[in-house]
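Student: structure of the sequence below:
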Amino acid sequence: MSGGDTAPMTPRCRLAHTADLEPAELREIRALLDHAFDGDFSDEDWDHGLGGVHALIRDDGGLAAHGALVMRRVRHRGRWLRTGYVEAVAVRADVRRTGLGGRIMAELERVLDRAYDLGALSASDEGALLYAARGWQCWPGQVHALSPEGVVRLPDEEGGVYVRPAPGAPLDLSGELVLDWRDGDVT
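Tutor: From the prediction side, this is the model:
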């Protein structure tokens with residue numbers, strides 16, 4: 001750049017495992033999620049986003065965006081697939097619609113494509129627009145979970161689960177998905 005040109009710097013996206021985040025960073029992530037979800041982000045939701053890889057973007061205002069990718073098992077057509085499950089995606093209100101959500105997803109998808117058979121997530125109506133624009137496909141079939149009592153159907157989750165097969169691993173979009181069990185919302 002020459003003279004007085006001062007273009008804003010694009011904030012860097014950092015990847016870190018939960019184990020590498022400081023307690024203060026975890027508190028900051030939780031605060032972002034609580035605010036982004038208008039207080040409707042439970043302790044179980046928080047727990048679901050821990051233990052994997054986090055993508056974080058900071059700007060002058062602090063933590064601007066976050067998303068996590070955790071490992072789960074999903075059964076499809078008799079095979080348990082190693083699944084990268086996207087959790088806890090949020091962008092600070094004052095920087096929404098600036099591409100930060102897409103940048104978070106691009107980093108998580110990069111990891112997903114190299115380490116998993118399948119990507120999956122549960123999307124809100126608002127979030128579904130981002131995921132569909134990035135090529136994620138709404139699962140058209142039934143969704144189940146392997147509960148402590150056996151396999152149970154989750155009809156309320158149908159139409160809200162999105163999948164992304166890993167490169168070179170085509171996915172038959174017929175049949176059912178069976179998610180591994182976890183406390184709180186299974187999806």
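
Student: now for the closest residue to residue 179 other than its chain neighbours: which residues touch it?
Tutor: Counting by Cβ to Cβ, 6 or more residues apart in numbering, residue 145 is the residue found nearest to residue 179 once chain neighbours are left out, at 4.8 Å. Heads up, the C-betas are built off the backbone N, CA and C, glycines and all. Residues near residue 145 by Cβ atoms under 8 Å, 6 or more residues apart in numbering: 151-152, 154, 178-181, 186.

Student: for residue 141, same thing?
Tutor: 158, 173-177.

Student: what subset of those is buried?
Tutor: Buried members of the contacts of residue 141, counted by 16 or more other Cβ atoms under 10 Å: 158, 177.

Student: next step: the contacts of residue 141 restricted to helices.
Tutor: Judged by DSSP state H, the contacts of residue 141 include no members of helices.

Student: and which of the contacts of residue 141 is nearest to residue 80?
Tutor: residue 177 (11.1 Å; Cβ to Cβ).

Student: check the secondary structure at the one residue sitting closest to the centre of the chain for me.
Tutor: Central residue of the chain (Cα atoms, centre = their mean): residue 86, 2.2 Å from the mean position. With DSSP: H, G, I helix; E, B strand; the rest coil as the basis, residue 86 sits in strand.

Student: now it. Nearest residue, chain neighbours left out?
Tutor: residue 121 (3.9 Å).
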